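Colleague: this is a predicted model, with the sequence first.
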Amino acid sequence: MTPRHLALALAAGLALADASVVTLALPELLRELDTSVEGVAAIIGVYTVVLALALLPAERLMRAVGPRAVGTAGFAVFAVASLLCGRADSLESLLAFRGLQALGGAAGLVAAFALLVGQSGTSARALWLGVAVLSAAVGPALGGALTQAFSWEAIFLVQVPLAAAAALACRGAAQPGPAPPAATRERRSWSAGLALALVSAALTAVLFLLVLLLVAGWGVTPLRAAVTVTVLPIAALAGARIGGPARTRAAAGCALVGGGTIALAFLPGAALAWTVAPQLLAGLGMGLALPALGGELLPERDAHDAAWLLTIRHAGIAAALVVLAPVTADRLEAATERARERGVALVLDARLPPADKVALAPGLLAGVDAEQPRAGLRAALAEEQDRYGRATAERREFETLATRADDTLVAAVGESFLAAFVIAGGLALAGGVALLPGARRPAWVLAAVVASGAVAGGTAVARERLAPEPVAILDPCEDRALPGSGGVAGFLEDRTLELLDRNACKLGASREEYVLALADPDAAKRFEQRYGTDPRSTAGILDALLG
């Protein structure tokens with residue numbers, strides 16, 4: 001092993017990790033580029049799609065002109081594209097430069113494999129295997145640290161010198177020997193290929209969804225999220241050291257990845273500790289499955305084999321993003337709307353001065369959006385708490401309201417990610433099922449299934465027992481208890497709430513939907529589309545009653 005080999009391995013790991021290294025920057029990109037969940041998913045998706053399409057053509061080009069020329073050009077293009085990504089000022093330009101990055105990355109990857117494994121034997125193959133297994137898992141931690149310390153642009157700019165060094169290493173490398181003739185190639189196992197695509201899709205979904213949940217949904221800083229997701233690569237290292245029959249390891253690994261991913265769907269709360277056991281399970285499965293699939297069940301003797309394996313992996317990743325990003329975006333928007341309605345219910349039922357409620361409900365809910373819901377709520381709560389003195393009954397009531405509103409929002413955000421995590425976990429389990437025929441030592445696979453069921457089931461039970469009681473959205477046509485604050489103001493408040501119930505009942509809506517529509521023009525438009533009436537026509541009556 002030489003410094004040249006290490007430079008090539010580092011750059012190859014960078015090209016492989018680039019689909020995940022930007023993951024912890026996605027919430028910041030979501031905000032700064034004014035885009036959507038689908039938009040930030042495209043930042044990963046464009047790279048993986050182009051990479052999957054370009055790997056095999058790059059390998060054919062390399063056979064024609066040699067790995068030194070292809071690797072030098074590929075990593076040079078990757079370096080230039082990384083610089084352009086770091087300077088992008090719109091989603092469209094960033095996506096274009098990400099595609100260029102992927103073209104350079106594809107050429108660099110096939111050349112790096114040929115120059116490493118073709119020249120250096122067992123030690124370089126082990127280095128390549130380690131890079132292939134750990135790159136995707138390490139990427140988010142690296143990206144989170146850079147985002148927290150600097151900005152999302154730093155993620156791309158730091159890649160420039162590394163890719164440039166790899167281009168120089170390719171230029172000065174010795175030419176490897178010829179590849180084996182096509183007639184000697186082993187027949188590829190369709191079940192192993194399918195399992196590789198499915199488990200790769202599930203693992204990328206774990207990183208993509210978990211990071212969005214932590215940073216965008218729960219308001220965790222990128223650095224804390226980066227530290228949290230380091231559990232995955234640590235567990236993957238441990239899993240890669242376990243021996244045994246390849247098909248059995250791969251099937252057991254798929255089962256562990258599936259169980260860990262499904263467990264993430266049922267987290268009881270926003271404490272980071274809840275994510276540790278599911279990540280350990282998924283990371284251990286990753287370390288078991290990927291080495292067993294790539295290089296053992298599926299051959300990886302030369303650059304052509306490596307290109308096929310990487311194509312399968314990234315095709316699975318791209319397919320998962322295409323399916324899961326719209327599901328997550330749609331459910332996150334719906335969950336945010338539910339959280340707004342439950343927040344209105346909390347405010348209206350709180351024992352606070354009636355006049356405060358009129359300003360408090362719209363003020364708290366204005367910051368709750370589908371991109372950064374918890375961060376928006378926390379900012380609004382911090383701004384509104386100054387209304388009350390520190391040691392007053394109203395301050396204590398407001399603090400209780402704030403805690404309940406936060407719990408309600410966390411629960412709603414968790415609900416929005418549930419389906420996507422379950423789908424991703426199901427993909428990994430399906431990969432395990434494809435590998436079961438012919439697997440030896442079935443007890444290993446059974447043990448993995450039991451462990452997965454225990455962690456996923458335990459998390460679901462904990463959620464059932466520990467999650468806060470959901471806020472009920474009551475039928476406005478039925479009688480309900482009123483705050484009864486007393487005095488003239490309390491009397492007016494009770495009558496106003498009764499009026500809200502009557503109007504909402506006539507329209508077939510909930511009281512909370514009705515109040516949201518009165519306070520928010522966008523909610524009013526949705527209300528009119530749903531119920532055929534502009535609710536804000538009654539706003540003057542409410543203003544008169546509340547003074």
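Modeller: Received the coordinates, thanks. Quick caveat, the model's predicted, so the values are computed rather than measured.
Colleague: ok, residue 334 - contacts?
Modeller: residue 416 (C-beta atoms under 8 Å, 6 or more residues apart in numbering). Any C-beta I mention is one placed from the backbone N, CA and C, and that applies to glycine too.
Colleague: and what of residue 228?
Modeller: Counting by C-beta under 8 Å, 6+ apart, residue 228 has contacts 214, 220, 272, 275, 279.
Colleague: what's the farthest-apart pair in these?
Modeller: 220 and 279 (14.2 Å; C-beta to C-beta).
Colleague: how's this protein carved up into domains?
Modeller: 1-172, 474-547 (automatic domain parsing).
Colleague: now whatever helix or strand residue 205 lives in - C-alpha only, CSV.
Modeller: Secondary structure assigned from DSSP states H and E places residue 205 in helix 190-211. Presented in CSV, the C-alpha positions along helix 190-211 are these (Å, rounded to 0.1, in the frame of the first residue of the first chain):
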residue,chain,number,x,y,z
TRP,A,190,-30.5,-12.8,-9.8
SER,A,191,-31.6,-13.3,-6.1
ALA,A,192,-28.3,-11.8,-4.8
GLY,A,193,-28.6,-8.9,-7.3
LEU,A,194,-32.2,-8.3,-6.2
ALA,A,195,-31.2,-8.5,-2.5
LEU,A,196,-28.3,-6.0,-3.0
ALA,A,197,-30.6,-3.5,-4.7
LEU,A,198,-33.3,-3.8,-2.0
VAL,A,199,-31.0,-3.7,1.0
SER,A,200,-29.1,-0.7,-0.5
ALA,A,201,-32.4,1.1,-1.0
ALA,A,202,-33.4,0.4,2.6
LEU,A,203,-30.1,1.6,4.0
THR,A,204,-30.2,4.9,2.0
ALA,A,205,-33.8,5.3,3.1
VAL,A,206,-32.7,4.9,6.7
LEU,A,207,-30.1,7.6,6.4
PHE,A,208,-32.3,10.0,4.3
LEU,A,209,-35.4,9.6,6.5
LEU,A,210,-33.6,9.5,9.8
VAL,A,211,-31.7,12.7,9.1
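Colleague: could you give me the average pLDDT of that helix?
Modeller: Across helix 190-211, the average pLDDT comes to 85.
Colleague: same check on stretch 170-178?
Modeller: With pLDDT averaged residue by residue, stretch 170-178 scores 66.
Colleague: can you check stretch 424-435 too?
Modeller: In this model, stretch 424-435 has a mean pLDDT of 90.
Colleague: got any ranges where the stretch 201-350 of the chain has weak pLDDT?
Modeller: Confidence mapping of the stretch 201-350 of the chain against pLDDT under 70 gives the ranges 329-330, 332-333, 335.
Colleague: can we see that at 80?
Modeller: 204-208, 211-212, 215-217, 219, 221-223, 226, 295, 299-302, 321-344, 346-350 (pLDDT under 80).
Colleague: dump the residue contacts of the nearest residue to residue 441 once chain neighbours are set aside.
Modeller: Excluding its sequence neighbours, the residue lying closest to residue 441 (C-beta to C-beta, 6 or more residues apart in numbering) is residue 248, at 4.8 Å. By C-beta under 8 Å, 6+ apart, the residues touching residue 248 are 439, 440, 441, 442, 444, 445.
Colleague: got a quick ChimeraX command for the buried subset of these?
Modeller: Applying 16 or more other C-beta atoms under 10 Å to the contacts of residue 248 leaves a buried subset, and the ChimeraX line that selects it is:
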select :439,444,445
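Colleague: which of the contacts of residue 248 lies closest to residue 43?
Modeller: Of all the contacts of residue 248, residue 43 sits closest to residue 445, with 36.2 Å by C-beta to C-beta.
Colleague: other residues contacting the helix or strand harbouring that closest one?
Modeller: Secondary structure from DSSP H and E places residue 445 in helix 442-466. Contacts to helix 442-466, defined as C-beta under 8 Å, 6+ apart, come from residues 244, 248-249, 251-253, 255-256, 258-260, 262-263, 266-269, 274, 277-278, 281, 285, 425, 432, 436, 439.
Colleague: can you do 7 Å?
Modeller: Applying C-beta atoms under 7 Å, 6 or more residues apart in numbering, the external contacts of helix 442-466 come out as 244, 248, 251-252, 255-256, 258-260, 262-263, 266-269, 277-278, 281, 436, 439.
Colleague: tell me where the stretch 201-350 of the chain has helices.
Modeller: 222-229, 231-240, 246-264, 276-293, 303-349 (DSSP state H, counting those that start in this stretch).
Colleague: identify the residues contacting the fourth one?
Modeller: Spelled out, it's helix 276-293. Contacts for helix 276-293 (C-beta under 7 Å, 6+ apart): 129, 132-133, 137, 192, 195-196, 199, 203, 206, 229, 231-240, 242, 246, 249-250, 252-257, 259-261, 263-264, 451-452, 455, 459.
Colleague: 6 Å instead?
Modeller: Helix 276-293 has contacts (C-beta atoms under 6 Å, 6 or more residues apart in numbering) with 129, 133, 192, 196, 199, 203, 206, 231-232, 235-236, 239-240, 246, 249-250, 252-254, 256-257, 259-261, 263-264, 455.
Colleague: still on that earlier bit, would you single out the least confident of the domains of the chain?
Modeller: Among the domains of the chain, domain 474-547 carries the lowest mean pLDDT (a mean of 73).
Colleague: that one: how far from the chain's middle?
Modeller: With C-alpha atoms, centre = their mean, to the nearest Å as the basis, domain 474-547 stands 37 Å off its chain's centre.
Colleague: would you mark the buried spots in stretch 237-255?
Modeller: So for stretch 237-255, counting by 16+ other C-beta under 10 Å, buried means 237, 239-240, 245-255.
Colleague: which of the contacts of residue 228 lies closest to residue 490?
Modeller: Nearest member of those to residue 490, counting by C-beta to C-beta, is residue 220, at 40.5 Å.
Colleague: quick one: the closest one from residue 144, how far?
Modeller: Relative to residue 144, residue 220 is positioned 10 Å away (C-beta to C-beta, to the nearest Å).
Colleague: so for these two, which residue has more residues nearby?
Modeller: With neighbours defined as other C-beta atoms under 10 Å, residue 220 and residue 144 compare such that residue 144 has more, 29 against 23.
Colleague: my read is that the more buried one contacts residue 225, right?
Modeller: Yes - using C-beta atoms under 6 Å, residue 144 makes contact with residue 225 at a distance of 5.3 Å.
Colleague: ok, then the element right after the host helix or strand of residue 102?
Modeller: Using DSSP H and E, residue 102 maps to helix 91-149. Once the chain leaves helix 91-149, the next helix or strand it forms, by DSSP H and E, is helix 152-157.
Colleague: so which elements touch that following helix?
Modeller: helix 67-86, helix 91-149 (3 or more C-beta pairs under 6 Å, 6 or more residues apart in numbering; DSSP states H and E).
Colleague: now render those as TSV, adding distance to residue 348.
Modeller: Formatted as TSV, the helices and strands packed on helix 152-157 follow (distance: least, C-beta to C-beta, whole Å):
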stretch	distance to residue 348
helix 67-86	47
helix 91-149	38
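Colleague: looking at those helices, which is closest to residue 49?
Modeller: helix 91-149 (7.8 Å).
Colleague: helices of the stretch 401-547 of the chain, start to end?
Modeller: Assigned by DSSP H, counting those that start in this stretch, the helices in the stretch 401-547 of the chain fall at 442-466, 487-507, 511-519, 521-531, 539-546.
Colleague: now tabulate those helices in CSV and tack on distance to residue 103.
Modeller: CSV is the format used below for these (distance: least, C-beta to C-beta, whole Å):
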stretch, distance to residue 103
helix 442-466, 38
helix 487-507, 55
helix 511-519, 47
helix 521-531, 40
helix 539-546, 56
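Colleague: ranking those by burial, who's on top?
Modeller: helix 511-519 (a mean of 24; mean count of other C-beta atoms under 10 Å).
Colleague: buried stuff in stretch 208-224?
Modeller: Buried residues in stretch 208-224 (16+ other C-beta under 10 Å): 208-220, 222-223.
Colleague: closest to residue 392 out of the domains of the chain?
Modeller: Closest among the domains of the chain, using C-beta to C-beta: domain 474-547, at 14.9 Å.
Colleague: and for the helix or strand hosting residue 165, what are the contacting residues?
Modeller: Using DSSP H and E, residue 165 sits in helix 159-171. With C-beta under 6 Å, 6+ apart as the contact definition, helix 159-171 has outside contacts at 4, 7-8, 11, 14, 68, 71-72, 75-76, 78-79, 82-83, 111.
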